[in-house]
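Peer 1: coordinates only, no sequence provided:
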């Protein structure tokens, strides 16, 4: 198979057929693009659809034949190794790769993309091209991060609730012991006035502490309910 293919219709070599036109229209609506490239160090592009402009801010013509820049040059440096590994593993198995990674656009923050691709092999099993579809998933990634942050906040609130609940249980145990001691003192009769005064004060102190903890738990539960309601508010 030569490098010429329906994917090269953009260069004028072969007209773009109706099926490819439909794919290009669909990917354009999805903030994504199609590509076909060589399996070299720079993934030299043979074809890349115009959707790359929307995702990266660079025109498709920059990438054809790596005229101005290679696709690898806009792949986030921290993600290049994982992309290469995914592609290499899939090619060994004559399968497809599916990977999320970041690209560095002309302006703004890195853009998260999802790529599904595979190798094109000839009848003898020789690799000819790499091709695939890449779509912008930044919104999904931001939502995933927001959900992770939400879970972390819930975990912190829950930890405080458990801690304050433990304090209340300790207070209740102490109150039971004081009540038992008070009954013992009452049974002994005698000059128990001062002893009961001390016990009463201790019970009052513990009750105050218990009330404060209970109030704290109520506030934490309200906060937890508010946090749990946030995803529903974002979906409206």
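Peer 2: That came through, no problem. Note that this is a predicted model, so its numbers are computed, not measured.
Peer 1: which residue packs closest to residue 64, ignoring adjacent ones?
Peer 2: Once flanking residues are discounted, residue 64 sits nearest to residue 45: 5.5 Å by Cβ to Cβ, 6 or more residues apart in numbering. Quick note: C-beta positions are derived from backbone N, CA and C, even for glycine.
Peer 1: list the contacts for that neighbour?
Peer 2: By Cβ atoms under 8 Å, 6 or more residues apart in numbering, the contact list for residue 45 reads 35, 36, 37, 63, 64, 65, 66, 70, 71.
Peer 1: now with 7 Å?
Peer 2: Remark: with contacts taken as Cβ atoms under 7 Å, 6 or more residues apart in numbering, residue 45 is in contact with 35, 37, 63, 64, 65, 66, 71.
Peer 1: show me which of the residues you listed is closest to residue 29.
Peer 2: residue 35 (17.3 Å; Cβ to Cβ).
Peer 1: got the phi and psi for the residue lying closest to that closest one once chain neighbours are set aside?
Peer 2: Among residues not flanking residue 35 along the chain, residue 48 sits closest, at 4.5 Å (Cβ to Cβ, 6+ apart). Dihedral pair for residue 48: phi -150, psi 130, per degrees, to the nearest 10.
Peer 1: need the strands for this structure, in chain order.
Peer 2: When assigned using DSSP state E, the strands of the chain occupy the ranges 32-37, 45-48, 96-103, 111-121, 127-136.
Peer 1: who touches the residue lying closest to residue 132 once chain neighbours are set aside in this structure?
Peer 2: Leaving aside its chain neighbours, residue 132 sits nearest to residue 117 (2.5 Å; criterion: Cβ to Cβ, 6+ apart). By Cβ under 7 Å, 6+ apart, residue 117 lies in contact with 96, 97, 130, 131, 132.
Peer 1: contacts only, for the first one.
Peer 2: What it means is residue 96. Counting by Cβ under 7 Å, 6+ apart, residue 96 has contacts 90, 116, 117, 118.
Peer 1: buried ones among the residues you listed?
Peer 2: For these, a neighbour count by 16 or more other Cβ atoms under 10 Å gives the buried set as 90, 117, 118.
Peer 1: pull up the per-residue confidence for the second one.
Peer 2: The one in question is residue 117. pLDDT for residue 117: 95.
Peer 1: state the distance from it to residue 31.
Peer 2: As judged by Cβ to Cβ, to the nearest Å, residue 117 and residue 31 stand 17 Å apart.
Peer 1: helices of the chain, start to end?
Peer 2: For the chain, applying DSSP state H gives helices covering 18-29, 51-56, 80-92, 138-188, 193-235.
Peer 1: chain neighbours aside, what residue packs nearest to residue 72?
Peer 2: residue 42 (5.2 Å).
Peer 1: how is the chain divided into domains?
Peer 2: What automatic domain parsing lists as the domains of the chain is 6-136, 142-235.
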